[in-house]
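Engineer: Got a predicted structure plus its sequence, pasted below:
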Amino acid sequence: MTIMACSDAIVWRLKNINYANFIERNFMKTAKSSLEAANQVVPRIEVKEAIKKHGQGSAIFIDVRDGLEIAETGTIKDALKIPRGFIEFAADSETPFHNKALEKDAEIIIVCAAGGMAALTGHTLIEMGYKNVSNVGGFADWKNADGPVDS
């Protein structure tokens, strides 16, 4: 195939493709695709293992649910309460909102209601340079496994 014929074929395809569908199929993020990507990057830690780490004091726990939900259910004992929508500010040492407990080399274990927001938050932290981030899933699982809680 000549360069001209190849060029003509590309032009024909570009004229006949539904651009919006192409973008949607190939580049557009969805909740599902975002969660799949996060779950590939952020390891899931078993609740019993996380409880053990909590007892050793070897990890920082973050609850990313909103304050109202935490007020209703409680949270992991001594967990940082940082809503998912605020994590970039709390995790960035260049902002006045930086939480000094968050260090890029610290072991961080994230909890939410079911695991999805924890995975997405973990993905964000990894993109920000945090190296040891995991997802323990939902707070109900923690509580049902007799993990220590703050009311």
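Structural biologist: Looks like it arrived, so ask away.
Engineer: give the contact list for His54.
Structural biologist: The contact partners of His54, taken as CB atoms under 8 Å, 6 or more residues apart in numbering, are 61, 76-77, 109, 147-148. C-betas here are computed from N, CA, C, even on glycine.
Engineer: Which members of the residues you listed are classed as buried?
Structural biologist: 61, 76, 109, 147 (16 or more other CB atoms under 10 Å).
Engineer: beta partners of the second one?
Structural biologist: By that I understand Ile76. Val149 (DSSP bridges).
Engineer: So it sits against Ala145, correct?
Structural biologist: No: contact between Ile76 and Ala145 fails when scored by CB atoms under 8 Å: they sit 11.1 Å apart.
Engineer: follow-up on the earlier one: in strands, which of the buried ones among the contacts of His54 fall?
Structural biologist: Counting by DSSP state E, the buried ones among the contacts of His54 place 61, 76, 109 in strands.
Engineer: from memory the first one sits against Lys81, does it?
Structural biologist: It stands for Phe61. No: Phe61 lies out of contact with Lys81 (CB under 8 Å); the separation is 10.0 Å.
Engineer: Can you list the residue ranges for helices in this protein?
Structural biologist: For the chain, the helices defined by DSSP state H occupy 3-16, 19-26, 31-41, 47-56, 67-73, 87-91, 116-127, 139-144.
Engineer: how is this protein carved up into domains?
Structural biologist: 3-28, 42-150 (automatic domain parsing).
Engineer: before we move on, back to that, quick one: the buried ones among the contacts of His54 as TSV, columns for pLDDT too.
Structural biologist: As requested, those are exported to TSV (pLDDT from 0 to 100):
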residue	pLDDT
Phe61	98
Ile76	98
Ile109	98
Gly147	98
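Engineer: Fine by me, thanks again.
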